[in-house]
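Student: test case, fold it:
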Amino acid sequence: MKAAKIRVNDIVLDLGCGIGVVSREASHYLGNSGLITGIDISRVALSIAKSSVNVPNSLFIEMDGENLGLNTCCFSKVICQYAFNVLS
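Tutor: Next up, the predicted model:
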């Protein structure tokens, strides 16, 4: 989190969030007006993430990280702890 310099009010994309370990950590830095959006291709992992990152400023979406169906210009930070090794 130090390297990402996540701050209050940031809008963060966690690419390949898995079970939400990094998303949960990032959510502690965002305050009430920031947002963490986690995407992953695994429905099972996202289910765990949704229950473990139980904060109002979090959103988890089943999506392929190589074909984002999101407007990426709306994120102030992008973090990716686990997916770099599987992206082409």
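Student: mind checking how far Gly69 is from Asp40?
Tutor: Here Gly69 is placed at a distance of 13 Å from Asp40 (Cβ to Cβ, to the nearest Å). The way it works is simple: take the backbone N, C-alpha and C, and place the C-beta from them, glycine included.
Student: alpha carbons only: can I get the lengthiest helix in the chain in PDB?
Tutor: Secondary structure of the chain per DSSP state H: the longest helix is helix 43-52. What follows is helix 43-52, C-alpha atoms only, in PDB (Å, rounded to 0.1, in the frame of the first residue of the first chain):
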ATOM      1  CA  ARG A  43     -16.900 -16.100  -9.200                       C
ATOM      2  CA  VAL A  44     -15.900 -18.100  -6.100                       C
ATOM      3  CA  ALA A  45     -13.100 -15.700  -5.200                       C
ATOM      4  CA  LEU A  46     -15.400 -12.700  -5.600                       C
ATOM      5  CA  SER A  47     -17.900 -14.200  -3.300                       C
ATOM      6  CA  ILE A  48     -15.300 -14.500  -0.600                       C
ATOM      7  CA  ALA A  49     -14.100 -11.000  -1.300                       C
ATOM      8  CA  LYS A  50     -17.600  -9.500  -1.000                       C
ATOM      9  CA  SER A  51     -18.000 -11.100   2.400                       C
ATOM     10  CA  SER A  52     -14.500 -10.300   3.700                       C
END
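Student: gap between it and the chain center?
Tutor: Helix 43-52 sits 12 Å away from the centroid of its parent chain (Cα atoms, centre = their mean, to the nearest Å).
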